[in-house]
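Participant: Pasting the sequence and the predicted model now:
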Amino acid sequence: MENIEKIYVIQPIISENYKILHEEAISLIESANGAYCGTSYQNVKEINPATYIGSGKLCEIREKLDGLEEITILFNGDLSPSQTLNISAALDDRKVIDRTTLILDIFAKNAVSSEGKVQVELAQLKYIYPRLKGKGAALSRLGGGIGSRGPGESQLETDRRYIRYRIKYLESKLLETAERRKLQTKRRAKDNKNVIALVGYTNTGKSTLLNLLTGSNVLSKDALFATLDPTARKFEIDGIEFILVDTVGFLQELPTSIIEAFKSTLESALNCDLALIVADAMGDYNMQIKTTLDTLTELGFNKPYLTVLNKSENVSDFSGYNKDYIFISAKENLGINALKRKIKEKFNEKYVLCELFIPYEQINDFYKINLYSYEKFKEYTNDGLIIKAYILSTQINEIKKYIINNN
Ligand SMILES: Nc1nc2c(ncn2[C@@H]2O[C@H](COP(=O)(O)OP(=O)(O)OP(=O)(O)O)[C@@H](O)[C@H]2O)c(=O)[nH]1
Ligand SMILES: [Mg+2]
């Protein structure tokens, strides 16, 4: 069994949301299989360029931890390479990691697909590269445990030139996959596949919802960043087929190196026809929705979306919420029909339900219609075919002459 690493948190207080950031740090530690063992808070009015927080506070922390062996320090913010080294030196040479390193570590632990692994390795190398300038101490400490897992591990001891080369290589590999993905998206668009993307803050229940809607069994668990690879599954609402895509979740202040690395996977979800932005009704859903929308905007997202508040099984008073939110509980299977109705409403702008009569002489036209319709009902009569189907509204003109009923 893996040795459980004890992690002590230094929480700088810079903005009002430090409490949520701290709670998230504890979840991140658990998601990395570490054991949280305490926190020192520090007000930061001005960042100390050498050590971020003041040296007096570092002395205090050193004394507090005195005699305790094998404790890793998580600085819950972003440190420069020299700050990492200086803090480590001030704390009896303990191992110091920052928030990005911890997040990258979880990504490395959870990456399954080869593309996911490439993306994580790239983000790790890009993060580590400027840090290799430091003293040998930084490198020797990357020997194992949290902050140094993952595909990049064996490369960490080698020189910067190799890492530069490796970054180029991984980037070109990702470009190839991105091209393939573009083709797949084009093909889906050509087949008029309706793609719905599940996006939102991490741990809000996106994968649980995917499992419920599509009868699948993808990994869902109480951990941050359980899902890294996009998963696509089919499901139907009243005979219309949809493809539901589950993706990596977001977190406030997610390092840009990670967003950059996962851009191509996220883009495939962003090429959807509709996005479901999932948030936690019992959590800080305003922050979650804002973080999600901000990240999506950064990625050029401009598709219609519905906001879904999950985990709402215990919500009794809905008056404080925005009236456009759709409340569900993916775990308790509540509100799912209403959600499906809303999804269909969105797509109704795209489809018209029609009844058509096609004489057998023109039966070839039926096969054309088939390409862009969803059939509900079909009957072969003496003179021709009667079908009831959802037809793409953009294609209605082509088959106008066959319509006998249009509602
Ligand atoms: N109480 C409650 N818990 C839920 C509900 N839906 C999901 N969960 C739990 O929330 C946790 C996270 O669920 P996931 O489906 O893995 O969440 P996710 O958004 O896919 O998370 P990541 O992939 O890690 O970003 C799991 O422990 C689920 O069992 C719900 O409706 N109510
Ligand atoms: Mg998930």
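Facilitator: Thanks, I have the structure now. Numbers count the residues shown, from 1 in each chain. Ligands and ions are numbered 1, 2, ... in the order given.

Participant: Helices along the chain, start to end?
Facilitator: 18-31, 55-65, 81-90, 99-110, 114-128, 136-140, 160-190, 206-214, 256-261, 263-270, 285-298, 336-348, 363-370 (DSSP state H).

Participant: Tabulate those helices (CSV), appending distance to Ser312, mean pLDDT and mean neighbour count.
Facilitator: C-betas here are computed from N, CA, C, even on glycine. Shown next, in CSV, are the helices of the chain (distance: least, C-beta to C-beta, whole Å; pLDDT from 0 to 100; neighbours: other C-beta atoms under 10 Å):
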stretch, distance to Ser312, mean pLDDT, mean neighbour count
helix 18-31, 20, 96, 18
helix 55-65, 41, 95, 15
helix 81-90, 41, 92, 20
helix 99-110, 27, 94, 23
helix 114-128, 31, 90, 22
helix 136-140, 46, 40, 12
helix 160-190, 31, 84, 13
helix 206-214, 12, 98, 23
helix 256-261, 28, 84, 18
helix 263-270, 23, 80, 20
helix 285-298, 10, 95, 17
helix 336-348, 11, 92, 16
helix 363-370, 40, 80, 13
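
Participant: Kindly report the domain assignment for the protein.
Facilitator: The chain breaks down into these structural domains: 6-155, 192-347, 350-406 (assignment by automatic domain parsing).

Participant: returning to that earlier point: wait, which of the helices of the chain is closest to ligand 1?
Facilitator: helix 206-214 (3.3 Å; C-beta to the nearest ligand atom).

Participant: Can that closest one be said to contact ligand 1?
Facilitator: Yes - contact of helix 206-214 with ligand 1 (C-beta under 6 Å from any ligand atom) involves Lys206, Ser207, Thr208.

Participant: Residues of this protein that sit close to ligand 1?
Facilitator: So the chain meets ligand 1 at 202-208, 220-227, 249, 310-311, 313, 329-332 (C-beta under 6 Å from any ligand atom).

Participant: Show the buried residues in those residues.
Facilitator: 202-208, 220, 223-227, 249, 310-311, 313, 329-330 (16 or more other C-beta atoms under 10 Å).

Participant: Among those residues, which ones are in strands?
Facilitator: Asn310 (DSSP state E).

Participant: Check what pLDDT the residue nearest to Pro304 when sequence neighbours are not counted gets.
Facilitator: Nearest residue to Pro304, sequence neighbours excluded (C-beta to C-beta, 6 or more residues apart in numbering): Leu274, at 5.5 Å. The confidence metric pLDDT takes the value 93 at Leu274.

Participant: Now do the contacts for whatever residue of the stretch 51-200 of the chain ends up closest to ligand 2.
Facilitator: Minimum separation of the stretch 51-200 of the chain from ligand 2 (C-beta to the ion) falls at Leu198, amounting to 8.3 Å. Residues in contact with Leu198, defined by C-beta atoms under 8 Å, 6 or more residues apart in numbering, are Lys206, Ser207, Leu209, Leu210, Leu244, Val245, Asp246, Thr247, Ala269, Ala275, Leu276, Val278.

Participant: try 7 Å
Facilitator: Lys206, Leu209, Leu210, Leu244, Val245, Asp246, Thr247, Leu276, Val278 (C-beta atoms under 7 Å, 6 or more residues apart in numbering).

Participant: One more: Thr72?
Facilitator: Contacts of Thr72 (C-beta under 7 Å, 6+ apart): Glu5, Lys6, Ile7, Arg94, Lys95, Ile97, Ile146.

Participant: Next, count neighbours for the closest residue to Ala232 other than its chain neighbours.
Facilitator: Nearest residue to Ala232 in three dimensions, chain neighbours excluded: Val245, at 4.9 Å (C-beta to C-beta, 6+ apart). Neighbour count of Val245, defined by other C-beta atoms under 10 Å: 23.

Participant: hang on, the earlier thing: closest to Ala89 among the contacts of Leu198?
Facilitator: Thr247 (40.2 Å; C-beta to C-beta).

Participant: What score does the closest one have for pLDDT?
Facilitator: With respect to pLDDT, Thr247 scores 91.

Participant: separation between it and Phe262?
Facilitator: 8 Å (C-beta to C-beta, to the nearest Å).

Participant: Ok, Asp78 next?
Facilitator: 18 Å.
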